[in-house]
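> Turn this into a model:
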Amino acid sequence: MLLHSIDVIGTFVFALSGTSAGIRRGFDFFGVFVVAMATACGGGIMRDLCLGATPPVGLTNIEYFIAIIGAVLLGIFCQGLIIRMEKPTLWLDALGLGFFAAFGSDKAYQLTGNIQIAIILGCASAVGGGCVRDILTGRTPIIFSKEIYASASIVGSAIVLLGSARLISPVIAIWTAIAVCTFIRIISIHYQINLPPITLKTPNRPK
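Here you go, the predicted structure:
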């Protein structure tokens, strides 16, 4: 029940992030809804398909659809506020990152019992929707930039596995994972902490 609630909350938060991105690009209602839907469900669909858990829960459970519609309507009716709140929108995205990393890694571990798969799919759950959102709005996917994004979700996914393996209380592990993942992302945004880009080194040619 706790994990399901976390997944629905994460869906709403990511849908609001997608709604904001669609509004900023000047999309119509359908376009905004598509971006919100893709942002909210993209990572989860990717996770469920990899796990063979079909049809993906994001497409079959009405609660997720209601959460997305609610986020779209909230974003449209409060669009002036959302457009002005660029930093808070990024914080919402960070919170969604934490929620989906926690839920995704726990679900993957419960179905496979494999730590490596759980961390990979926890990360995919967290960053997949954001990648689709960026592609649909004409941006370079954030995981390919120097920002600390996927790295934060990997840390969160690893922490939640401590609870999945019953090394600590599962509830404590889940909330700690969400908090740590969100904190890492927000701190990296606030202080502009980035990973160093890899630059192409060209050999010096003799004159």
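> shaky segments in the chain?
1, 82-83, 85-86, 203-207 (pLDDT under 70).
> Might you report the residue contacts of the residue nearest to residue 75 when sequence neighbours are not counted?
Excluding the flanking residues, the one nearest residue 75 by C-beta to C-beta, 6 or more residues apart in numbering is residue 19, at 3.3 Å. The way it works is simple: take the backbone N, C-alpha and C, and place the C-beta from them, glycine included. Residues near residue 19 by C-beta atoms under 8 Å, 6 or more residues apart in numbering: 32, 35, 36, 71, 72, 74, 75, 76, 82.
> Repeat the analysis, applying 7 Å as the threshold.
Contact analysis of residue 19 by C-beta atoms under 7 Å, 6 or more residues apart in numbering lists 32, 36, 71, 72, 75.
> Which ones among those residues lie within helices?
32, 36, 71, 72, 75 (DSSP state H).
> just to revisit the earlier point, next one: the residue nearest to residue 75 from residue 157, what distance?
26 Å (C-beta to C-beta, to the nearest Å).
> quick one on the thing from earlier: quickly note the distance from the residue nearest to residue 75 to residue 26.
For residue 19, the distance to residue 26 - C-beta to C-beta - is 13 Å.
> How about residue 108?
Distance from residue 108 to residue 26, by C-beta to C-beta: 37 Å.
> Comparing the two, which shows the higher neighbour count?
residue 108 (29 against 8; other C-beta atoms under 10 Å).
> State the helix or strand in which the more buried one lies.
Assessed by DSSP states H and E, residue 108 sits inside helix 86-112.
> helices or strands up against that helix?
helix 2-24, helix 29-51, helix 115-136, helix 150-164, helix 170-190 (3 or more C-beta pairs under 7 Å, 6 or more residues apart in numbering; DSSP states H and E).
> Out of those helices, which is closest to residue 196?
With respect to residue 196, and counting by C-beta to C-beta, the nearest of the helices and strands packed on helix 86-112 is helix 150-164 at 12.4 Å.
> If you count neighbours, what's buried in the helix holding residue 108?
89-109, 111 (16 or more other C-beta atoms under 10 Å).
> again with stretch 52-61
56, 57, 58.
> And the residue lying closest to residue 185 once chain neighbours are set aside, how close does it get to residue 171?
Nearest non-adjacent residue to residue 185, counting by C-beta to C-beta, 6+ apart: residue 94, 3.8 Å away. Note on residue 94: its distance to residue 171, by C-beta to C-beta, is 21 Å.
> hang on, the earlier thing: neighbour-wise, give me the winner out of the contacts of residue 19.
Ranking these using other C-beta under 10 Å puts residue 36 first, with 30 neighbours.
> unless I'm mixing things up, that residue is touching residue 13, no?
No. If you go by C-beta atoms under 7 Å, residue 36 and residue 13 don't touch, sitting 11.0 Å apart.
> and the closest residue in space to residue 173 that isn't next to it in sequence, what is it in contact with?
By the measure of C-beta to C-beta, 6+ apart, the closest residue to residue 173 outside its immediate chain neighbours is residue 163, 2.6 Å from it. Residue 163 is in contact with 169, 170, 172, 173, 174, counting by C-beta under 7 Å, 6+ apart.
> Give me the phi and psi angles of the first one.
It refers to residue 169. Main-chain torsions, residue 169, degrees, to the nearest 10: phi -60, psi 130.
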